[in-house]
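1. Give me a model of this one.
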Amino acid sequence: GAERIRPERRGPNWTAAMVAAIVVVVGFVGFTAVKGGSGGGDTNAKSHVAEGSTPGTGKPSSPKPTGGKPADQKPAPSDSAIAAAPQDKVTVQVSAPNGRSWISAKDHNGRMLFDGLLNKGESKTFQDSTKINLILGDAGAIQLYVNGKKIEDQFQPGAVERLTYTKGDPQVG
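-> Residues are numbered from 1 along each chain as shown. Alright, predicted model coming up:
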């Protein structure tokens with residue numbers, strides 16, 4: 001009689017394995033959702049889509065939006081609308097409103113992005129993942145915008161400036 005019990009025990013182990021697998025999957029999905037919530041705007045959009053797909057039932061999910069989460073997520077699209085200054089990159093705009101200047105710009109690998117004259121009224125935009133190295137031949141003629149903010153530097157006309165900007169610049173508001 002005892003031998004027959006053994007094959008039956010194997011059955012529940014399958015369901016246990018299935019349950020374990022489901023738990024792992026659910027846990028993983030939950031983990032990535034939490035991880036994404038603290039991350040940037042892209043991941044918020046994904047969890048937003050997931051929220052939007054749940055109101056198939058209609059009434060049970062409607063009380064949730066009063067929890068304030070959708071209100072918190074609203075600013076994210078407006079942030080991404082400022083595409084000119086992505087926060088994971090350095091964006092440097094060099095313009096020459098007052099006169100022409102020779103400029104040189106390199107990325108963090110030292111690769112040349114631009115090397116030449118910027119004529120009066122022209123502007124160039126450089127972008128890199130970590131930093132931009134600039135050399136300005138006539139810094140007084142140049143106006144710089146770093147990550148969407150104007151750099152208020154008192155450059156002298158004819159002065160050569162070597163500048164490096166990173167993701168966090170400019171520190172001064």
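
2. Ala16: neighbouring residues, count only.
-> Neighbour count of Ala16, defined by other C-beta atoms under 10 Å: 10. (C-beta placed from N, C-alpha, C; glycine too.)

3. so what's it up against?
-> Contacts of Ala16 were listed using C-beta atoms under 8 Å, 6 or more residues apart in numbering, and none were found.

4. Name the SS class of it, please.
-> Following DSSP: H, G, I helix; E, B strand; the rest coil, Ala16 is assigned to helix.

5. where in this protein is pLDDT low?
-> By pLDDT under 70, the weakly predicted segments of the chain are 1-13, 29-87, 172-173.

6. quick one, strands of it?
-> 90-95, 101-106, 112-118, 123-128, 131-136, 143-146, 149-150, 161-166 (DSSP state E).

7. Packing partners of the fourth one?
-> Strand 123-128 is packed against strand 90-95, strand 101-106, strand 112-118, with contacts defined by 3 or more C-beta pairs under 8 Å, 6 or more residues apart in numbering; DSSP states H and E.

8. Report the buried residues of the first one.
-> When neighbours are counted by 16 or more other C-beta atoms under 10 Å, the buried residues of strand 90-95 are found to be Val90, Thr91, Val92, Gln93, Val94, Ser95.

9. What of the longest one?
-> Under the neighbour-count criterion of 16+ other C-beta under 10 Å, strand 112-118 has Leu113, Leu118 buried.

10. Give me the helices and strands touching that strand, please.
-> Partner elements for strand 112-118 (3+ C-beta pairs under 8 Å, 6+ apart): strand 101-106, strand 123-128.

11. I am finished for the moment; much appreciated.
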